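Visitor: just to be clear, the model below is a prediction. Sequence and coordinates:
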Amino acid sequence: MDSTLAPIVLFTYNRPRHTKATLDALKANLLAKESVLYIYQDGLKDTATKEQKDSALEVSTYLQDFIASNENGKYFKHITFIQRERNLGLADSIIDGVTSIINKHGTIIVLEDDLVTSPHFLTFMNEALQTYYDNEQVACVSGFVFPLEGDEIPSSFFLKGTDCWGWASWDRAWNLFNPDGKELLDKLKQSGKIDDFDKAYSGAKSSRGFTQMLEDQIRGKNSSWAIRWFASCFLQDKYCLYPRNSLVQNIGFDIGTHCKNGEENDPYFGVLSSIPTSIDIKQPVQEIPAIRAKCDAYYASKQRPLLKRILSKTYKMLIRGGARF
């Protein structure tokens, strides 16, 4: 791996335990010491409770201590800490932060404070970014993938669209991002892609999962940047590269706070791979029907599809003052 490693950007707010777990895993990555890290902490809401203020202060103090302990590149090549003076909310914080860093560096690896990574996460992401640097069909690299069974699945594969749990991209792709949800929805309808857009959600065009999320964003019921990122690239027929086994695990679905009993161990949120993942450069940039069918079957096997559960988590976190999606 050469010296042109992508910068890592971590978005945090007021969850000290999750933030520590995310950084503990990230610093154990094989390329961590060669990578630069940017950490954004969103500002407090005007309505923040004392508990939320204390939690945010705990995160800030921990991050400052962590950066101080990184003297001489102990964990990362360099760390830059950006504390927001006001609360932007996760969506605007990510849009602003990603735009700033990707315009400066040309590539980016993005994490949020509830994503634990495999030691091989950075290796896969950087290799993918370099491999598909000039391939405009590819807009995104995902470190997360839900469990798919079958020996015929290659070490890496493509699905249409983008993803948001530990992802990477290039400035050429991020330039496609359209923050205007209504404009995206209108274009999906005008292009005749609305059924395929929803089919990407659950494998059945009768599901309105993605359309519903986009409509809710337009109405202000959610502030999801991820659905707009997906729609922006879906409209342009772009693809996301996935590893055979997940290199990311979401730890943000705690019992009693964001999920039902037992959900924190649900493999739907990522069984973390402990082995390196190579990129299968022989794979064409297109969906393999057999893998698409496995994805559809996996969605169908769940009582609550993935993004619906993410939204459920979002609404609960909105109540506690820290929207995550």
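Guide: Yes, it's here.
Visitor: would you mark the buried spots in whichever strand or helix holds residue 129?
Guide: Assigned by DSSP states H and E, residue 129 belongs to helix 121-131. Neighbour counts using 16 or more other CB atoms under 10 Å place 121-130 of helix 121-131 among the buried residues. No exception for glycine: its C-beta is placed from N, CA and C like everyone else's.
Visitor: among these, which two are most distant?
Guide: 121 and 130 (15.2 Å; CB to CB).
Visitor: got the phi/psi numbers for residue 178?
Guide: phi -120, psi 110 (degrees, to the nearest 10).
Visitor: hmm, residue 228 and it touching each other?
Guide: Yes: in this structure, residue 178 is within contact of residue 228 by CB atoms under 8 Å, at 6.6 Å.
Visitor: now for those two: what residues contact both?
Guide: Listed as contacting both residue 178 and residue 228 by CB atoms under 8 Å, 6 or more residues apart in numbering are residue 184.
Visitor: neighbour count: these two, which is higher?
Guide: Between residue 178 and residue 228, residue 228 has the larger neighbour count (other CB atoms under 10 Å), namely 25 against 15.
Visitor: which neighbouring elements make contact with the strand or helix carrying that one?
Guide: Using DSSP H and E, residue 228 maps to helix 225-235. Helix 225-235 is packed against helix 89-105, helix 181-191, helix 194-202, helix 209-219, with contacts defined by 3 or more CB pairs under 8 Å, 6 or more residues apart in numbering; DSSP states H and E.
Visitor: quick revisit: what's downstream of the helix holding residue 129, the next helix or strand?
Guide: Helix 121-131 is succeeded, C-terminally, by strand 138-142 (DSSP H and E).
Visitor: and the helix or strand following that next one, what does it pack onto?
Guide: Using DSSP H and E, the next helix or strand after strand 138-142 towards the C-terminus is strand 156-160. Applying 3+ CB pairs under 8 Å, 6+ apart, we find strand 156-160 packed against strand 239-243, helix 289-300.
Visitor: what sits up against strand 156-160?
Guide: Residues outside strand 156-160 that contact it (CB under 8 Å, 6+ apart): 128, 138, 200, 234, 237-244, 277-280, 283-288, 291-292, 295.
Visitor: among the helices and strands packed on strand 156-160, show me which one is buried the most.
Guide: Highest mean neighbour count among the helices and strands packed on strand 156-160 (mean count of other CB atoms under 10 Å): strand 239-243, with a mean of 25.
Visitor: can you give me how far it is from the chain middle?
Guide: With CA atoms, centre = their mean, to the nearest Å as the basis, strand 239-243 stands 12 Å off its chain's centre.
Visitor: what does it rub up against?
Guide: Against strand 239-243 from outside (CB under 8 Å, 6+ apart): 124, 128, 132, 137-143, 145, 155-163, 167, 233, 273, 277, 279, 285-287.
Visitor: sheet-wise, list the partners of it with their directions.
Guide: strand 138-142 (parallel), strand 156-160 (antiparallel) (DSSP bridges).
Visitor: would you confirm that residue 298 contacts residue 150?
Guide: No: judged on CB under 8 Å, residue 298 makes no contact with residue 150 at a distance of 11.1 Å.
Visitor: which element follows the helix or strand harbouring residue 109 toward the C-terminus?
Guide: Element membership for residue 109, per DSSP H and E: strand 107-112. For strand 107-112, the following helix or strand on the C-terminal side (DSSP H and E) is strand 115-117.
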